[in-house]
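Undergrad: next one to model:
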Amino acid sequence: MHVPGLAHPLISWRKLREKGYTEFGEGDYISINKGTKVVFEAVFDGNLFKIPETLHLAHITYDFWHQALGHLAPSTMDKSLQLYSDANILARPTNYICSSCVESKMTRFPRTSPSKKDMKKLDFVHSDLSGPFPVPSYGNSLYFITLIDDATRVAWVQFTKQKSETTKIVKDFVAEMELQHHKTPAAFRTDNGGEYVTKELKGFFASKGIIHEFSPLYSPESNGVAERLNCMIGESLRAMLESAPTYDKKLWAEAVLTSVYIKNRQPHSALKNLTTYEAFYGTKPSIQHLQPSGRECYIHVPYQKRTDGKKLSPRVERAIFTGYTNVPHHYRVFLPDTQKTIVSADTFFPPLKIEGAIPRINRRIDHVLTPLQNNTPSSSVEYTYNDKGKTSDNMWRQWMDENHKEANNLVDNGHEIVA
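TA: Numbers count the residues shown, from 1 in each chain. Sure thing, here's the model as predicted:
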């Protein structure tokens, strides 16, 4: 029979039986089998048994085995179509989705920080707040805020006692960039922390024409530039505190400040053969003034601050180097006796090496002249080390204690090392 206008083909049950197929079922549902394999199913619609659309049938069959196999991942099912002896799993239907798997197995999509490749300096600034720290700094700060220029990756850091001071810090930063670099940052990217979502900050950005972008909630990786810097700072400050003569947790802010200072003088993978400092300021940075963090040093005590009997009072005070300022060779040092951090322009760092040799454990140096003089008799100093491998006896302090007159003369005469 030839019916050109027939929308669907007809199947003869007699021909199916002749080819070895069998019918199974009752009521409105029957299945056509060949042996133990179900070939297709048919549903009675009131007049005839109809076979569902092939795509729909394939979907039903695939979904059955997907659930029967414990919601096996479709990618794994695709690899196991012929691995079973008594089930012929159909190929995965187009656009197959298991809603149960979506609800129970969904994970977060990979994200990258939206860094802008064609940006110029201060076109895009990342910012993030870190804290609170378990102990306040010596300045009573509990948080620090980082600001990073996307184009050059140069960074700034500010400290705060409360999150509510964030708006003032951002305002001060914008004002500094406008005055010192004659440019207003075009856009900021931050997280959705309450310190960044304030009416005051929103109004300030609007008045300056600054675009404020937010990373999605619970997605710190979307603000990855700032998050990675905070991670690097955390690693650096722990190492710096550990390397100091005394592990003082309250010096964490000094370590953070020093970490950012040094980071700005390091190369960066986002830049080509440049340090972040040169990329932003246009000149190569100097590193001659850099010192190991936590290094013991001596600072000159001004005449006005010496105790009674000034002629006999020590001219120096022992300190611990903690960081830098904007002026090279003006160092931030911590005074253990008074628990204060000051800036000193007269800082003496005893050399770490004597005539090219690093002192060994219990090594006596009887033939070496004292480090501050060239023509006086030699002094004998014995090096001893504690369980951390750090010197427990400071040769320089010992020499100064034993040679007040010579040490004072060197200071008075403006010796190039201690002046």
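Undergrad: so how many other residues sit close to His289?
TA: His289 has 11 neighbours, counted by other CB atoms under 10 Å. C-beta here means a position set from N, CA and C on the backbone, and glycine is covered the same way.
Undergrad: who's in contact with it?
TA: Going by CB atoms under 8 Å, 6 or more residues apart in numbering, His289 touches 324, 328-329.
Undergrad: one more time with 10 Å, if that's ok
TA: Neighbour list for His289: 324, 327-331 [criterion: CB atoms under 10 Å, 6 or more residues apart in numbering].
Undergrad: most neighbours, which of the residues you listed?
TA: Tyr331 (24 neighbours).
Undergrad: nearest to Lys34 among the contacts of His289?
TA: Tyr324 (83.8 Å; CB to CB).
Undergrad: check contacts around the closest one.
TA: 257-258, 261-262, 265, 289-291, 330-332, 343.
Undergrad: quick revisit: got TSV for the contacts of His289, with distance to Phe44 too?
TA: Below are the contacts of His289 laid out as TSV (distance: CB to CB, whole Å):
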residue	distance to Phe44
Tyr324	87
Val327	93
Pro328	92
His329	96
His330	94
Tyr331	92
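Undergrad: quick one on the thing from earlier: of the contacts of Tyr324, buried ones?
TA: 257-258, 261-262, 265, 291, 331-332 (16 or more other CB atoms under 10 Å).
Undergrad: strands - which of these land there?
TA: 331-332 (DSSP state E).
Undergrad: of all the buried ones among the contacts of Tyr324, which comes closest to Cys101?
TA: Closest to Cys101, out of all of the buried ones among the contacts of Tyr324 and judged by CB to CB, is Ile262, at 48.4 Å.
Undergrad: look up how far Ala239 lies from the closest one.
TA: 12 Å (CB to CB, to the nearest Å).
Undergrad: ok, Ile211 next?
TA: In terms of CB to CB, Ile211 sits 37 Å off from Ala239.
Undergrad: so what's the residue count around Thr198?
TA: Around Thr198 there are 13 residues (other CB under 10 Å).
Undergrad: do I have it right that it meets Thr167?
TA: Yes - with contact defined as CB atoms under 10 Å, Thr198 counts as touching Thr167 (5.7 Å).
Undergrad: quick check: neighbours shared by these two?
TA: In terms of CB under 10 Å, 6+ apart, Thr198 and Thr167 are both contacted by the residues Phe204.
Undergrad: excluding chain neighbours, what is closest to Ala226?
TA: Once flanking residues are discounted, Ala226 sits nearest to Asp128: 3.6 Å by CB to CB, 6 or more residues apart in numbering.
Undergrad: could I have the longest helix seen in the chain exported to PDB, CA atoms only?
TA: When the chain is parsed with DSSP state H, its longest helix is helix 224-243. What follows is helix 224-243, C-alpha atoms only, in PDB (Å, rounded to 0.1, in the frame of the first residue of the first chain):
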ATOM      1  CA  GLY A 224      42.400  36.900  42.000                       C
ATOM      2  CA  VAL A 225      45.100  39.600  41.500                       C
ATOM      3  CA  ALA A 226      44.400  41.000  45.000                       C
ATOM      4  CA  GLU A 227      43.900  37.500  46.600                       C
ATOM      5  CA  ARG A 228      47.200  36.200  45.200                       C
ATOM      6  CA  LEU A 229      49.000  39.200  46.600                       C
ATOM      7  CA  ASN A 230      47.500  38.700  50.000                       C
ATOM      8  CA  CYS A 231      48.600  35.000  49.900                       C
ATOM      9  CA  MET A 232      52.200  36.100  49.000                       C
ATOM     10  CA  ILE A 233      52.200  38.600  51.700                       C
ATOM     11  CA  GLY A 234      51.100  36.000  54.300                       C
ATOM     12  CA  GLU A 235      53.900  33.700  53.200                       C
ATOM     13  CA  SER A 236      56.500  36.400  53.400                       C
ATOM     14  CA  LEU A 237      55.500  37.800  56.700                       C
ATOM     15  CA  ARG A 238      55.600  34.400  58.400                       C
ATOM     16  CA  ALA A 239      59.100  33.800  57.000                       C
ATOM     17  CA  MET A 240      60.200  37.300  58.100                       C
ATOM     18  CA  LEU A 241      58.900  36.900  61.600                       C
ATOM     19  CA  GLU A 242      60.500  33.500  61.900                       C
ATOM     20  CA  SER A 243      63.900  34.900  60.800                       C
END
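Undergrad: three-state assignment of Cys297?
TA: strand (DSSP: H, G, I helix; E, B strand; the rest coil).
Undergrad: where does this protein have low pLDDT?
TA: Residue ranges of the chain with pLDDT under 70: 1-9, 36-40, 51-61, 80-91, 93-94, 105-117, 217-223, 308-313, 352-419.
Undergrad: so which residues of it form helices?
TA: Going by DSSP H, the chain shows helices at 13-18, 54-68, 74-79, 99-105, 166-181, 199-208, 224-243, 252-263, 276-281, 395-402, 404-412.
Undergrad: select, out of these, the one closest to Lys121.
TA: Lys121 lies closest to helix 276-281 among these, at 5.7 Å (CB to CB).
Undergrad: what packs against the closest one?
TA: With contacts taken as 3 or more CB pairs under 10 Å, 6 or more residues apart in numbering; DSSP states H and E, helix 276-281 sits against strand 143-149, helix 252-263.
Undergrad: can you list those in CSV and add distance to Lys121?
TA: What follows is the helices and strands packed on helix 276-281, written out as CSV (distance: least, CB to CB, whole Å):
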stretch, distance to Lys121
strand 143-149, 6
helix 252-263, 16
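Undergrad: and for Met119, the neighbour number?
TA: Residues near Met119, counting by other CB under 10 Å: 15.
Undergrad: perfect, I'm done here.
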